[in-house]
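Engineer: predicted model and sequence below, questions to follow.
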Amino acid sequence: MRRLLAHRRQFAVFVAGGVLSALVDIGLMQLLIAGGAHYAGAATAGFGAGLLVNYAFHSRITFETEASPVNFVRYMCLVGMNYGLTLCCVALAVQLGAAPLLGKIVSLPLVALNGFALGKFWIFK
């Protein structure tokens with residue numbers, strides 16, 4: 001029972017890190033757009049900043065490990081996998097006649113669970 005509670009707590013911290021990363025991503029994008037930057041550059045900068053915050057947060061806080069080139073490369077592999085998973089969910093929703101947004105929403109818990117499991121047992125082990 002204690003192990004289950006520990007995993008639940010760690011997953012809650014993981015989700016909090018994801019929310020923080022999303023806020024950094026969106027906040028920086030909006031700040032840059034308000035400052036006159038082109039939306040594509042602003043979205044790219046926001047995405048990059050959110051990705052780095054996410055990696056640092058999960059490395060140091062969620063999984064309590066040191067950042068390293070090896071776990072960063074693994075993390076980037078996870079980013080690619082989760083991107084592909086998201087695209088598959090969106091494409092499936094469209095193929096079934098639903099809105100792309102439904103596929104994106106369906107992908108969110110799948111991406112979170114995949115990210116937590118691979119973070120815990122492969123990236124930051």
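Structural biologist: Looks like it arrived, so ask away. Residues are numbered from 1 along each chain as shown.
Engineer: now the end-to-end length of stretch 60-67.
Structural biologist: One end of stretch 60-67 to the other measures 8 Å (CA to CA, to the nearest Å).
Engineer: ugh, wrong one, I meant stretch 112-125
Structural biologist: 17 Å.
Engineer: quick one: residues in contact with that stretch.
Structural biologist: Residues outside stretch 112-125 that contact it (CB atoms under 8 Å, 6 or more residues apart in numbering): 10-11, 14-15, 18, 58-59, 62-63, 65, 71, 74-75, 78, 81-82, 85. Placement of C-beta: from N, CA and C, glycine included.
Engineer: give me that answer again for 10 Å
Structural biologist: 7, 10-11, 13-15, 17-18, 54-55, 58-60, 62-68, 70-79, 81-82, 85, 107 (CB atoms under 10 Å, 6 or more residues apart in numbering).
Engineer: what subset of these is buried?
Structural biologist: Buried by 16 or more other CB atoms under 10 Å: 10-11, 13-14, 17-18, 54-55, 58-59, 62-63, 71, 74-75, 78, 82, 107, out of the contacts of stretch 112-125.
Engineer: among these, which are in helices?
Structural biologist: Among these, DSSP state H puts 10-11, 13-14, 17-18, 54-55, 71, 74-75, 78, 82, 107 in helices.
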